[in-house]
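Novice: Pasted the sequence and its predicted model underneath.
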Amino acid sequence: MQDLADLVPKQGRERGHYILDILAELQQDILAGQGTTALHRLQVALRQQAVDWADLPPRLREILTEIDLRAALEVAKLTPVDAAADEA
């Protein structure tokens, strides 16, 4: 899992693009009826708090917060209830 965590960008804008790309991949995989690793990568990306939010402009902070919220919502929707309880 550490290898995946190393892939999460440290800069705000790049992190946002990274998460949006994973969300797009997740959508494509779901629509194609394929298995996906995107969900796991989203979980890892959301756990990584490498971006210094205090140094970001307010508008970028707001946008990144919305991206993280959307990603967290998708993770919650697609994570089985038993698995979510095990991670808590």
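Specialist: Happy to help now that I have it. Numbers count the residues shown, from 1 in each chain.

Novice: Residue 47: how many residues sit nearby?
Specialist: Neighbour count of residue 47, defined by other CB atoms under 10 Å: 11. To be clear about C-beta, it is placed using only N, CA and C from the backbone, and glycine gets the same treatment.

Novice: try residue 58
Specialist: Applying other CB under 10 Å, we find 7 residues neighbouring residue 58.

Novice: so where's the chain shaky on pLDDT?
Specialist: 1-10, 50, 82-88 (pLDDT under 70).

Novice: Can you show me the strands along it?
Specialist: Secondary structure of the chain by DSSP state E: no strands are present.

Novice: Helices of the protein, start to end?
Specialist: With DSSP state H as the definition, the chain shows helices at residue ranges 2-7, 12-32, 38-47, 58-78, 81-87.

Novice: Give me whichever of these is most buried.
Specialist: helix 38-47 (a mean of 18; mean count of other CB atoms under 10 Å).

Novice: what's that one packed up against?
Specialist: Helices and strands touching helix 38-47, as assessed by 3 or more CB pairs under 8 Å, 6 or more residues apart in numbering; DSSP states H and E, comprise helix 2-7, helix 12-32, helix 58-78.
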